[in-house]
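> prediction below, plus the sequence it came from.
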Amino acid sequence: MTTTIATVADIHHGPKASGHGSSFKATDEALPRTRALVAHVNDLKAVDHTLNLGDLIEHAGTDAAADRNAMIAGLNVLGSLKTPCHHVAGNHDLMNLSEAVVAELFKREALHFSTDLGDHHLIVLHSRAGQRDGSQISVDSAQLKWLEQELIRTEKPTIVAVHHPLSDQDLSNNRWFAEHPQCALIQNRDEIRSLLQRHGNVIAVLNGHTHCNSLELHDGIPYVTQNSLVERIGTQGLVANTHGLVTLKDAQFGMEIFGNDSTISSHEEIARRLGDTYDSIAQSYRENTAAYGQAECNEFDRLAAMRGKRSNLCVVDYGCGPARDANHFMGWGYNYVGVDASREFIRHGRAAYPTAQFHHGDFATLRLTPNSADIAWHSSSLQHVRRDTLPQVLEQAYNTLKPGGLFYAHYRSGEGDSIQISGEYGRPIARPISLYGEAEMQAALRQAGFEIVRSWTFDHQYPGLKGTTVKYKSKVIARKPESGAAL
């Protein structure tokens, strides 16, 4: 069975923040954004639980009554969820309220607890700051004894949630903690990580607090930090609106983090560049995606029929990966040109198809022979193209096509961007995902000079790790005008 969990961190409902970095928290937008998130989660299919990773409130000076009222207001909004909501206590939640009061508001006997999530298990730890300034953070020895007993007791794949990070997070560029690292990380995290690794059933650790998206890998376990719902990012102060969706299937962990902040800081063990990331999983990716090509081959058959019989037919497969569909395309008599950012995929393609052409490079800057291709093929590759480079990518495809040539794209549709954290390829990896609306993609194609032939959006149900999670996808077919020339 699959378990799906919606996640939110650092809502910070309360008065306008004061002190260091106060302008970076949109506390006035906390409740409206939480209501919108609740409505979104309630509309999603197959979400089983929701997890609040702490700092539901922004504490009000030393006013405990105000904090209690803010906590009640936030919990009332989250109480509208159709799913059970599990709460982690954050440092702001406890600045003026006792642990007993917060536990009572959370309807828990204690702030650390565990619960079964169907075929999976959740352990919530309570990390305490020893000083009012937020420093001297730890998980106490009594709780660690309890944790070990919990790990022994359950045989189910387990995720651990805690407010402060248990990872060795790089804080050098963190606006909140670069100068205050003692207020960020749990001091006895090495001991805790050793305990989690030793028992072997922990598949992921989640936290908030540092207001960034981060993925670190320790002893094969992914440690994921999720950005605040209300953190202002960039020079324009755009609110991050960060929320996540965790998918657990057997002992596999997957997560997608949505919102306006598509950056992720990561440990050096996690490849920072997309090509390197795919290089690191190349063999596993080939094996796990070998059977996924039939639907796309059917789409190619339609395009090939539209293009008709011609001499010197050519298809450019942008984001060719391990050239999964090359044999099918070549079976139509097409010369095959594969383009990818992964050197390992290019190496494999050249070995498997010596008569085809392969190019390692970036879609936006790689220049192929103008007016040379009959079909420009983007199957699940535009999802890795940032908005600021999409015009160049479409322009390169336009220039490469012959007049009358066809453009095809199968892409993730939606608003904003996301980060996809996936474990089904043998190791946790992070990939940036750009979500494009159907109208947005059509407008970009027209701007590049294309004529839209057909465009449609549909619900797509992923198999395997992603279980029953439905995500929206779109496809588009466009044509370079017969009179079109390379730009």
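Received the coordinates, thanks.

> so which bits of stretch 164-171 are buried?
164-167, 169, 171 (16 or more other CB atoms under 10 Å). Just so you know, the C-beta spots here come from the backbone N, C-alpha and C atoms, and that holds for glycine as well.

> inside helices: which ones of these?
Judged by DSSP state H, the subset of the buried residues of stretch 164-171 located in helices is empty.

> show me where the stretch 251-400 of the chain has helices.
274-280, 282-289, 294-307, 326-331, 343-352, 390-400 (DSSP state H, counting those that start in this stretch).

> ok, Y411 - contacts?
Residues near Y411 by CB atoms under 8 Å, 6 or more residues apart in numbering: 378, 380, 382-383, 436, 441, 473-476.

> state the helix or strand in which it lies.
strand 401-412 (DSSP states H and E).

> strands paired with that strand, and their directions?
Within its sheet, and counting by DSSP bridges, strand 401-412 is paired with strand 373-379 (parallel), strand 470-479 (antiparallel).

> which stretch in the ones you listed has the least confidence?
Here the lowest mean pLDDT among those goes to strand 470-479, at a mean of 85.

> just to revisit the earlier point, just say which of the strands paired with strand 401-412 is most tucked in.
Among the strands paired with strand 401-412, strand 373-379 has the highest mean neighbour count (mean count of other CB atoms under 10 Å), at a mean of 25.

> relative to helix 390-400, how tilted is that one?
150 degrees (axes from the mean of the first three to the mean of the last three CA atoms, to 10 degrees).

> using CSV, write out every CA atom in strand 373-379.
Output of strand 373-379 as CSV, limited to C-alpha atoms (Å, rounded to 0.1, in the frame of the first residue of the first chain):
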residue,chain,number,x,y,z
ALA,A,373,14.7,18.0,-38.6
ASP,A,374,11.2,16.8,-39.4
ILE,A,375,10.3,16.3,-35.7
ALA,A,376,11.6,18.0,-32.6
TRP,A,377,10.7,15.7,-29.7
HIS,A,378,10.5,16.9,-26.0
SER,A,379,9.1,14.0,-24.0
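
> ok, and what's touching it?
The contact list for strand 373-379 (CB under 8 Å, 6+ apart) reads 296, 300, 303-304, 307, 310, 313-319, 325, 329, 334, 337, 397-398, 400-402, 405-411.

> derive a ChimeraX selection command for the buried subset of the residues you listed.
In ChimeraX syntax, the buried subset of the contacts of strand 373-379 is picked out as below (16+ other CB under 10 Å):
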select :296,300,303,304,307,313,314,315,316,317,318,319,325,329,334,337,397,398,400,401,402,405,406,407,408,409,410,411
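
> Throw the helices of the stretch 251-400 of the chain into a markdown table and include mean pLDDT and distance to Q143, thanks.
Formatted as a markdown table, the helices of the stretch 251-400 of the chain follow (pLDDT from 0 to 100; distance: least, CB to CB, whole Å):
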| stretch | mean pLDDT | distance to Q143 |
| --- | --- | --- |
| helix 274-280 | 85 | 35 |
| helix 282-289 | 86 | 37 |
| helix 294-307 | 93 | 49 |
| helix 326-331 | 96 | 55 |
| helix 343-352 | 96 | 44 |
| helix 390-400 | 97 | 48 |
